[in-house]
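K.L.:
Need coordinates for the below:
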Amino acid sequence: MVELKTDTSIDAMHAAGQVVARALTAVRQAAAVGVSLLELDEVAREVLREAGASSPFLGYRPSFAATPFPAVICASVNDAIVHGIPTRYRLRDGDLLSVDCGAQLDGWAGDSALSLTVGRPRPADLRLIETAERALTAGIEAAVVGNRIGDIAHAVGRVCRTAGYGIPQGFGGHGVGRRMHEDPEVPNEGRPGRGLPLRPGMVLAIEPMLIAGGTDSYYEAPDGWTLCTSDGSRAAHVEHTVAVTDAGPRILTARETP
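P.N.:
Residues are numbered from 1 along each chain as shown. The predicted structure follows:
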């Protein structure tokens, strides 16, 4: 069932989303050659603590997971697409890092992700990230009253496919509200004009995931969480929590421009 949020609830979700935005901004600023993924996780934890927020990631255990997630961010490096567990791995020059983070504040959730390069970037990585961000923008622009879920999916998928990138099947966006994951599912590829109609008060996480090699194939790492590209190519993941309103899409996790 899809819950429609009131304007007051959306304002409360914006507050949670801004905690996520600050956490991701802090992680971006801290990500440098020699910094460990566990240190980045601690950076995000401190932002959550200061805001009086909790993490919907920490201890999360969906049906596919053998163990609860042990961190407040997902940190996915290079060929890792999503759900990377922060470890003692220290970032190296040229790494591509995707960071996903959530916050729970006053009973409401926010969820967002970004991809970045560390040290000297590879031009191919910059193109991959730029395309992911364009796909996210296209999906957000399609999140308007009168459209359908398929219009968002089509907008995202068209940008990814036109650029020649793969899309991991079975993973995409979702509703957000009292819980981090709610109905409906928001695929990263689909047919326009199909699916659930978009109504004011729907709040959606739109999250493109791109595989640089152009295939859609991935595998689950031995940690039971991290999804990696089957061809070893790099991946990017970006995400915003977006409210559908009569005035147009409202990005609840928007970050200040660095």
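K.L.:
From residue 160, how far off is residue 220?
P.N.:
22 Å (CB to CB, to the nearest Å). Every residue, glycine included, has its C-beta placed from N, CA and C.
K.L.:
try residue 49
P.N.:
36 Å.
K.L.:
can you give me the helices for the stretch 1-150 of the chain?
P.N.:
7-30, 37-51, 123-141, 149-162 (DSSP state H, counting those that start in this stretch).
K.L.:
Just after the shortest one, pick out the following helix or strand.
P.N.:
Pointing back at helix 149-162 there. Later in the chain than helix 149-162, the nearest helix or strand by DSSP states H and E is strand 173-175.
K.L.:
what about that following strand, average pLDDT?
P.N.:
Strand 173-175 shows an average pLDDT of 98 in the prediction.
K.L.:
Could you do stretch 90-108 as well?
P.N.:
Here the average pLDDT along stretch 90-108 is 98.
K.L.:
And it, what's buried?
P.N.:
Across stretch 90-108, burial judged by 16 or more other CB atoms under 10 Å covers 91, 95-105, 108.
K.L.:
Could you dump the helices of the stretch 1-150 of the chain into TSV and include distance to residue 213, mean neighbour count and mean pLDDT?
P.N.:
Below are the helices of the stretch 1-150 of the chain laid out as TSV (distance: least, CB to CB, whole Å; neighbours: other CB atoms under 10 Å; pLDDT from 0 to 100):
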stretch	distance to residue 213	mean neighbour count	mean pLDDT
helix 7-30	25	20	98
helix 37-51	23	19	98
helix 123-141	10	19	98
helix 149-162	13	22	98
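K.L.:
Using a markdown table, lay out these together with distance to residue 235.
P.N.:
Output for the helices of the stretch 1-150 of the chain, formatted as a markdown table (distance: least, CB to CB, whole Å):
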| stretch | distance to residue 235 |
| --- | --- |
| helix 7-30 | 18 |
| helix 37-51 | 16 |
| helix 123-141 | 8 |
| helix 149-162 | 11 |
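K.L.:
returning to what we had before: among the buried residues of stretch 90-108, give me the pair with the biggest separation.
P.N.:
Spatially, the most separated pair among the buried residues of stretch 90-108 is 95 and 108, at 33.1 Å (CB to CB).
K.L.:
Indicate which one of the helices of the stretch 1-150 of the chain is closest to residue 61.
P.N.:
helix 37-51 (17.8 Å).
K.L.:
tell me what the closest one is packed against?
P.N.:
Helices and strands touching helix 37-51, by 3 or more CB pairs under 8 Å, 6 or more residues apart in numbering; DSSP states H and E, are helix 7-30, strand 73-77, strand 96-105.
K.L.:
Roughly how far does residue 170 sit from residue 187?
P.N.:
9 Å.
K.L.:
Compare neighbour counts for those two and give me the winner.
P.N.:
residue 187 (21 against 11; other CB atoms under 10 Å).
K.L.:
Could you tell me the model confidence score at that one?
P.N.:
Predicted confidence (pLDDT) at residue 187: the value is 98.
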